[in-house]
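J.: pasting a predicted model and its sequence here:
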Amino acid sequence: MGGIKVYIPDDLERKFREAAMKLYGYGKGSLSIASEKAFTAWLSQVSQVLDIAETIEDPVEAIYGMLSDVKKTEVELQHEARKIRARRTLEYRDAT
């Protein structure tokens, strides 16, 4: 059996521990069971994305033309993306 040490925000850890113990009991092993189920669920979601990504032979060709209807320049899109990232960072900081 392998072991993984992960670092997560304190509030997420508290919520995870509470949920794991409510579902699987307050004894030894409840966190391991909940972690295994969480990892399994995440891997099933990610495997679908990875399967699609592996079927793409040329990623540039796969996205070619997807932004043809966008009327902004590359620089305008970069500035807009920077503003979105900054806003999300501030929202995340305010939430924690």
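T.: In hand now; what should we look at? Just so you know, these numbers come straight off a predicted model, no measurement behind them.

J.: what's the following helix or strand after the longest helix belonging to the chain?
T.: Counting residues, the longest helix found in the chain (DSSP state H) is helix 30-55. Later in the chain than helix 30-55, the nearest helix or strand by DSSP states H and E is helix 59-63.

J.: that older thread, what helices or strands is the longest helix of the chain leaning on?
T.: helix 10-24 (3 or more C-beta pairs under 8 Å, 6 or more residues apart in numbering; DSSP states H and E). For glycine as for every other residue, the C-beta is placed from the backbone atoms N, C-alpha and C.

J.: give the buried residues for the helix it packs on.
T.: Of the residues in helix 10-24, residue 20 count as buried by neighbour count, 16 or more other C-beta atoms under 10 Å.

J.: any idea of the mean pLDDT for that helix?
T.: Averaged across helix 10-24, pLDDT comes to 95.

J.: counting by contacts, list what it packs against.
T.: Secondary elements touching helix 10-24 (3+ C-beta pairs under 8 Å, 6+ apart): helix 30-55.

J.: the helix it packs on vs helix 10-24, what angle?
T.: 110 degrees (axes from the mean of the first three to the mean of the last three C-alpha atoms, to 10 degrees).

J.: quick check: mean pLDDT of helix 30-55?
T.: 85.

J.: report the distance from it to the chain centre.
T.: Mean C-alpha position of helix 30-55 versus that of the full chain (C-alpha atoms, centre = their mean, to the nearest Å) differs by 11 Å.

J.: list the buried residues for that helix?
T.: Buried residues in helix 30-55 (16+ other C-beta under 10 Å): 30, 34.
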